[in-house]
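Asker: Here is my input, please return the structure:
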Amino acid sequence: MLHVAQSDFRDRSLRDDWFDFMSALEGIKVVRLRRPGAQSLHSFEDFFDAVFGAARSEEFAGALELAFSQSPRSASGLGAAHLVRLEVAAFNDSFANAAGLDRTDFAHPATKEYWADSKANAGTFASRGVVVLGSVRDLWEDAPLWAKGIVKVIEEAMELVAPAK
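Answerer: You can find the predicted model right below:
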């Protein structure tokens, strides 16, 4: 079973974790669109492409990393930004374990195709991704409006492919 050690977490940037998270979500989206009955969602392909493109942009990732690096902490060092980073890293680790991927596979384009044969439950991970995105959106209070909009729209894109509640 794969696991990212805490020292590995500290050595990785939020940008790297964010890009892995986006790769995972895009792979999940691809699998969810392949399921029976998902044909009506194919009309959203241009929307999905635009959303993931915006969320993967260097400008967005840089703004996210800067904001969370400047987030206030308590006297003991606890802060919401650190907890969100742990949440994103935990999602990525959980996804990697379920999909049988090494964390280095996240950036590889084949990750999306690999998911087609994966035993992991893409619907469950789509729902978990929505939760993580909600945390990022809620805790990035001072985000520029354009950046908050990107987080909200990627959250909505994942809600479209997640199982109905």
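Asker: Regarding Asn97, which helix or strand does it belong to?
Answerer: helix 80-99 (DSSP states H and E).
Asker: and that helix, what does it pack onto?
Answerer: If you count contacts as 3 or more CB pairs under 8 Å, 6 or more residues apart in numbering; DSSP states H and E, helix 80-99 packs onto helix 6-11, helix 14-34, helix 58-69, helix 122-139. Glycine gets a C-beta too; all of them are placed from N, C-alpha and C.
Asker: Check which helices and strands the next helix or strand after the last one sits against.
Answerer: Spelled out, it's helix 122-139. The helix or strand immediately downstream of helix 122-139 is helix 145-161, counting by DSSP H and E. Applying 3+ CB pairs under 8 Å, 6+ apart, we find helix 145-161 packed against helix 14-34, helix 45-55, helix 58-69, helix 122-139.
Asker: Could you identify which of the ones you listed is most buried?
Answerer: For these, average neighbour numbers computed from mean count of other CB atoms under 10 Å are highest in helix 14-34, which has a mean of 21.
Asker: angle of that helix against helix 145-161?
Answerer: Counting by axes from the mean of the first three to the mean of the last three CA atoms, to 10 degrees, helix 14-34 lies at 30 degrees to helix 145-161.
Asker: tell me the mean pLDDT over helix 14-34?
Answerer: Helix 14-34 shows a mean pLDDT of 88.
Asker: helices and strands around it, which ones?
Answerer: helix 45-55, helix 58-69, helix 80-99, helix 110-114, helix 122-139, helix 145-161.
Asker: The helices and strands packed on helix 80-99 into JSON lines, with extra columns for distance to Leu83?
Answerer: Shown next, in JSON lines, are the helices and strands packed on helix 80-99 (distance: least, CB to CB, whole Å):
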{"stretch": "helix 6-11", "distance to Leu83": "12"}
{"stretch": "helix 14-34", "distance to Leu83": "12"}
{"stretch": "helix 58-69", "distance to Leu83": "10"}
{"stretch": "helix 122-139", "distance to Leu83": "8"}
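Asker: between those, which one is nearest to Leu86?
Answerer: Of all the helices and strands packed on helix 80-99, helix 6-11 sits nearest to Leu86, with 7.5 Å by CB to CB.
Asker: Span of stretch 157-165 from start to end?
Answerer: By CA to CA, to the nearest Å, the extent of stretch 157-165 from end to end equals 15 Å.
Asker: how about it: buried residues?
Answerer: Ala157, Met158, Glu159, Leu160, Val161, Ala162 (16 or more other CB atoms under 10 Å).
Asker: check contacts around the residue nearest the centre of the chain.
Answerer: By CA atoms, centre = their mean, the chain has its centre lying nearest to Phe21, at 3.2 Å. Phe21 makes contact with Val88, Phe91, Asn92, Gly129, Val132 under the criterion CB atoms under 8 Å, 6 or more residues apart in numbering.
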